[in-house]
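Chemist: Sharing a model that was predicted from the sequence below.
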Amino acid sequence: MSTLAILTAAGSGTRLGRDLPKALVELDGVPLVLHAARRLAAAGVVDRLVVTAPAGAAAAVRDLLSTDPLVGLPLEVVDGGATRQASVAAGLARAGDDVDVVLVHDAARPFAPAALVRRVVAAVRAGHGAVVPGLPVVDTIKTVSGGERDATSAQGSERAAVTVEAVTGTPERAVLRAVQTPQGFERALLVRAHAAGAARAAADHLAATDDAGLVEALGERVVVVPGDEAAMKITTERDMHLAALYAGQVA
Ligand code: C5P
């Protein structure tokens with residue numbers, strides 16, 4: 001039996017504001033997708049890698065990863081889909097019966113430490129069908145309902161219109177976790193979860209933002225293991241600067 005890692009790299013990275021897809025943007029001279037693949041390989045628990053590539057970039061991604069001595073894993077590159085969920089489904093279609101554990105990891109988290117990857121796989125192999133790394137939340141989180149323009153402040157001293165949102169609740173902070181990737185699954189469970197949620201994959205406003213959410217929707221148990229700050233997600237230019245702090249420090 002073997003462990004397959006699906007590395008999602010097909011996003012456009014609009015919020016980063018570069019000409020390149022985010023996964024190909026370089027940090028410390030190395031594209032994010034290569035950083036992420038190196039960390040997965042360094043964990044020593046991944047047998048095979050499937051990467052979801054941005055439109056038109058499959059060959060470039062294959063060249064980049066297949067020639068890197070620090071990756072050195074059997075590799076397939078597939079075209080990504082319209083949403084992250086669709087991209088993961090395309091990768092999952094490459095997992096045959098020889099695969100019993102699937103990791104799903106985002107190229108947008110280039111510095112997930114090897115120990116974190118091992119922790120997730122170990123928890124799946126210990127019998128937990130769906131495992132996500134998570135960190136306690138430091139901010140107080142509010143739930144809100146749709147925004148509306150505040151006419152009052154438009155007439156106030158600053159003369160700036162403000163969008164206000166009505167607060168609908170304050171979840172108890174102690175029970176919140178900010179979840180990361182890699183997320184780990186028994187293959188059969190993840191296949192079932194993606195099949196059941198397939199209708200959501202076509203559109204951003206419906207699609208699952210993580211794979212554990214699809215498992216939860218089945219009513220199956222998902223567990224959290226401790227995450228790691230180094231597995232932070234890169235979305236904005238500010239995140240690139242923060243992530244640079246971890247480059248070279250994370251094993
Ligand atoms: O856009 P966001 O940063 O949330 O994407 C999370 C991860 O999913 C990224 O690594 C991105 O490349 C990947 N993705 C994908 N296919 C899409 C959209 C995002 O593989 N259609």
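Modeler: On my side now, so go ahead.

Chemist: how about the helices in the protein?
Modeler: Applying DSSP state H to the chain gives helices spanning 32-42, 58-66, 84-92, 114-125, 151-154, 187-196, 211-217, 237-244.

Chemist: worst average pLDDT in the ones you listed?
Modeler: Ranked by mean pLDDT, those bottom out at helix 151-154, which scores a mean of 57.

Chemist: for the residue nearest the centre of the chain, which residues make a bridge with it?
Modeler: Nearest to the mean C-alpha position of the chain, counting by Cα atoms, centre = their mean, stands Asp106 at 3.6 Å. Beta-bridge pairing for Asp106 (DSSP bridges): Thr8.

Chemist: Could you measure from it over to Val175?
Modeler: To Val175, Asp106 is 24 Å away according to Cβ to Cβ, to the nearest Å. Bear in mind the C-beta positions are built from the backbone N, C-alpha and C, glycine included.

Chemist: can you check Thr8 too?
Modeler: 28 Å.

Chemist: which intervals of this structure have sub-threshold pLDDT?
Modeler: Scanning the chain for pLDDT under 70 picks out 151-159, 251.

Chemist: Spell out which parts of it neighbour the ligand.
Modeler: The chain comes close to the ligand at residues 8-11, 22-23, 52, 80-84, 87, 106-108, 235, as judged by Cβ under 6 Å from any ligand atom.

Chemist: Now, of those, which are buried?
Modeler: Listed as buried from the residues of the chain next to the ligand are 8-11, 22-23, 52, 80-81, 83-84, 87, 106-108; burial here means 16 or more other Cβ atoms under 10 Å.

Chemist: quick check, nearest of those to Ala195?
Modeler: Of all those, Ala195 sits closest to Gly81, with 15.0 Å by Cβ to Cβ.

Chemist: Break the protein into its domains for me.
Modeler: 2-135+176-246, 138-175 (automatic domain parsing).

Chemist: Most tightly packed of these?
Modeler: Most buried of the domains of the chain by mean neighbour count (mean count of other Cβ atoms under 10 Å) is domain 2-135+176-246; its value is a mean of 19.

Chemist: That domain: how far from the chain's middle?
Modeler: 5 Å (Cα atoms, centre = their mean, to the nearest Å).

Chemist: Ends of it, what's the gap?
Modeler: This stretch, domain 2-135+176-246, spans 30 Å end to end (Cα to Cα, to the nearest Å).
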